[in-house]
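Asks: the sequence and its predicted three-dimensional model are supplied below.
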Amino acid sequence: MILNAVKLTKEYEQGEKRIRAVQNATFSVEEGEFVAIVGTSGSGKSTLLSMLGGLERPTSGEVFLDGENLYAASDNRLSEIRNRQIGYVFQNYALLPVLTLRENILIPQLIAGGGSKSYMEELFDLLRLRDRLDHLPSEASGGQQQRAAVARALVNQPKILLADEPTGNLDKQSAKELMDLLMETRKKPNQTIMLVTHDPEIAARADRVLTMDGGVLR
Ligand SMILES: Nc1ncnc2c1ncn2[C@@H]1O[C@H](COP(=O)(O)OP(=O)(O)O)[C@@H](O)[C@H]1O
Ligand SMILES: [Mg+2]
C-alpha cells in the first residue's frame with residue numbers, strides 16, 4: 001500500500017454556509033496502481049486530490065504516503081515530501097512562462113539539490129519533448145506544454161503522480177497521446193497514478209475507478 005486516506009474531510013465556510021467538499025473519504029492505493037477519480041463538477045474531486053497531494057490541509061482525517069502521515073509532518077518536511085515524493089499535474093499545465101520547457105522540468109531537481117539526470121533525459125524522449133526543450137511554454141502547443149508538466153512532475157521519481165483533469169484543455173488527439181505516453185511512463189518505475197477525469201475513455205484505462213458524488217466516495 002503506497003497511499004492511505006483515512007476519513008478525509010474538507011469543509012469550507014462561506015458566510016453562514018458550511019460547504020462539505022469532501023466527507024469521510026477512506027481508501028488505499030497499491031504501488032503501481034492507476035486509479036481514476038470521476039464525478040460531476042463540484043463533487044469534490046479537486047479538493048480530494050489536493051489533500052492527497054499535500055496541497056490542502058484536511059479539516060479532519062489523515063493521508064499516509066508510504067506510511068508517512070503528511071499533515072503530521074512539519075512544514076519543511078511537507079515541502080520536501082511534495083518536492084520529492086509527489087508529482088502533481090494541473091489542467092492548465094502551470095508552467096512558469098519565463099522559463100523554457102527544459103528549465104521548468106529541471107526545477108524540482110534544483111530544489112531537491114540533485115536527482116537522476118539520466119531519468120530526466122529518458123523523460124525528454126519518452127514524452128517526446130526533444131524538439132521543444134529550449135522553447136518557452138508560449139512557443140509550445142498545449143499537448144507539448146502538458147507533456148512538459150508531466151515530465152516536471154515525474155523528474156524526481158515521485159512515489160505517486162496526481163493529475164487533476166490533465167487532458168481537460170487538450171483536443172482529442174493530444175489527450176489520447178498524453179494518455180498513451182503516461183501509460184508508457186508507468187512501466188519502468190512501477191509508477192502509481194491517480195487521475196481525475198471527465199472522460200469515460202480515460203477512466204476505462206484505469207485499474208480502478210473511484211466515483212465522487214456530492215463529496216462522498218461511492
Ligand atoms: N476554496 C474554496 N472555498 C470555498 N468552497 C470551495 C473551495 N474550493 C472548492 N469549494 C467547493 O467545494 C466543492 C467541491 O469543489 P471541487 O473539489 O473543486 O469539485 P470538482 O473538482 O469535483 O469540480 C464545490 O461546492 C466547490 O464550490
Ligand atoms: Mg475540479
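Replies: Okay, I see it. Ligands and ions are numbered 1, 2, ... in the order given.

Asks: show me where the protein has its helices.
Replies: For the chain, the helices defined by DSSP state H cover 45-52, 75-84, 101-112, 117-126, 142-154, 172-187, 200-203.

Asks: turn these into CSV, columns for mean pLDDT and mean neighbour count.
Replies: Using the backbone N, CA and C atoms, a C-beta is placed for each residue, glycine as well. Converted to CSV, the helices of the chain look like this (pLDDT from 0 to 100; neighbours: other Cβ atoms under 10 Å):
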stretch, mean pLDDT, mean neighbour count
helix 45-52, 98, 24
helix 75-84, 98, 14
helix 101-112, 98, 18
helix 117-126, 96, 15
helix 142-154, 98, 24
helix 172-187, 93, 16
helix 200-203, 94, 16
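
Asks: need the ones you listed in TSV with distance to ligand 1, can you?
Replies: Listed next are the helices of the chain as TSV, based on distance: least, Cβ to the nearest ligand atom, whole Å:
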stretch	distance to ligand 1
helix 45-52	3
helix 75-84	19
helix 101-112	24
helix 117-126	27
helix 142-154	18
helix 172-187	18
helix 200-203	14
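
Asks: how about the ones you listed, which one is nearest Ala36?
Replies: helix 200-203 (4.3 Å; Cβ to Cβ).

Asks: show me what that closest one is packed against.
Replies: Counting contacts by 3 or more Cβ pairs under 8 Å, 6 or more residues apart in numbering; DSSP states H and E, helix 200-203 is packed against strand 34-38.

Asks: dump the strand it packs on to PDB, keeping only the CA atoms.
Replies: This file holds the C-alpha atoms of strand 34-38, laid out as PDB (Å, rounded to 0.1, in the frame of the first residue of the first chain):
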ATOM      1  CA  PHE A  34      -3.600   3.600 -11.800                       C
ATOM      2  CA  VAL A  35      -6.700   4.900 -10.200                       C
ATOM      3  CA  ALA A  36      -9.200   7.300 -11.900                       C
ATOM      4  CA  ILE A  37     -11.400   9.600  -9.900                       C
ATOM      5  CA  VAL A  38     -14.700  10.600 -11.700                       C
END
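
Asks: what's it packed up against?
Replies: Short answer (3+ Cβ pairs under 8 Å, 6+ apart): strand 34-38 packs on helix 45-52, strand 192-196, helix 200-203, strand 208-213.

Asks: of those, which is nearest Ser118?
Replies: Short answer: strand 192-196, nearest of the helices and strands packed on strand 34-38 by Cβ to Cβ, at 21.3 Å.

Asks: partner strands of that closest one, with direction?
Replies: strand 34-38 (parallel), strand 160-164 (parallel) (DSSP bridges).

Asks: for it, what is the average pLDDT?
Replies: For strand 192-196, the mean per-residue pLDDT is 98.
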